[in-house]
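>>> When you get a sec, could you give me coordinates for this:
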Amino acid sequence: MKRRRDERGSAAVEVALLAPVLGLMVLAVIFAGRVAVARQAVQSATTDAVRAASLARTADDAKRSANRVADAALVNQDVECATTTLEVDTSGFRRPPGTAATVTVTLTCEVATADLSLPVPGTIRIEHSMSSPLDVYRGRR
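Residues are numbered from 1 along each chain as shown. This next block holds a predicted model:
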């Protein structure tokens, strides 16, 4: 008569081996979610900023409006950037009325990732650029 081996305790060993892997998977999903939310927020803030810039009458007003709106959009969406850079290309304001022109906004946000306890760099750079046409028949200065 053959005896079966005693398998008591094997489930505890399996759980002990799988728990760290499952924990890392959960942290990876949280990390991916944070990056996706930050990417969407940067895109939305860029869209709002370029729209505000395109409605301005002067290049200086366009830059001020874009900065104000981008900052407010990131705050409203609860995205904290370690550093934020906003570049506004207002060269279209120098074109005479009656000609097609655009304003372009590029928003760069460094999102902190160190608080997730994952072996990833301290920040991830998210950048988005968007252009919007200026009204062809509106005066520009």
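>>> quick one: the helices in this protein?
Taking DSSP state H as the test, the helices found in the chain are 10-55, 59-76.
>>> which ones are touching the closest residue to residue 37 other than its chain neighbours?
Closest residue in space to residue 37, ignoring its immediate chain neighbours: residue 79 at 7.3 Å, by C-beta to C-beta, 6 or more residues apart in numbering. (Each C-beta comes from the backbone N, C-alpha and C, glycine too.) Counting by C-beta atoms under 8 Å, 6 or more residues apart in numbering, residue 79 touches 37-38, 41-42, 109, 111.
>>> circling back: name the stretch among the helices of the chain that sits most buried.
helix 59-76 (a mean of 18; mean count of other C-beta atoms under 10 Å).
>>> so what secondary structure elements neighbour that one?
Here helix 59-76 touches helix 10-55, strand 81-89, strand 102-112, going by 3 or more C-beta pairs under 8 Å, 6 or more residues apart in numbering; DSSP states H and E.
>>> helices or strands up against the last one?
Read it as strand 102-112. Other helices and strands packing on strand 102-112, by 3+ C-beta pairs under 8 Å, 6+ apart, are helix 10-55, helix 59-76, strand 81-89, strand 123-133.
>>> Could I get the average pLDDT for stretch 130-141?
Mean pLDDT, computed over stretch 130-141, is 81.
>>> hang on, the earlier thing: nearest to residue 97, out of the helices and strands packed on strand 102-112?
Residue 97 lies closest to strand 123-133 among these, at 13.1 Å (C-beta to C-beta).
>>> For residue 95, what are phi and psi?
The phi and psi values for residue 95, taken as degrees, to the nearest 10, are phi -80, psi 150.
>>> Tell me which residues touch the residue nearest to the spatial centre of the chain, please.
Relative to the mean C-alpha position of the chain, the nearest C-alpha, by C-alpha atoms, centre = their mean, is the one of residue 39, at 2.8 Å. By C-beta under 8 Å, 6+ apart, the residues touching residue 39 are 126, 128.
>>> Turn the helices of the chain into TSV, columns for mean pLDDT and distance to residue 126.
Formatted as TSV, these follow (pLDDT from 0 to 100; distance: least, C-beta to C-beta, whole Å):
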stretch	mean pLDDT	distance to residue 126
helix 10-55	88	5
helix 59-76	95	11
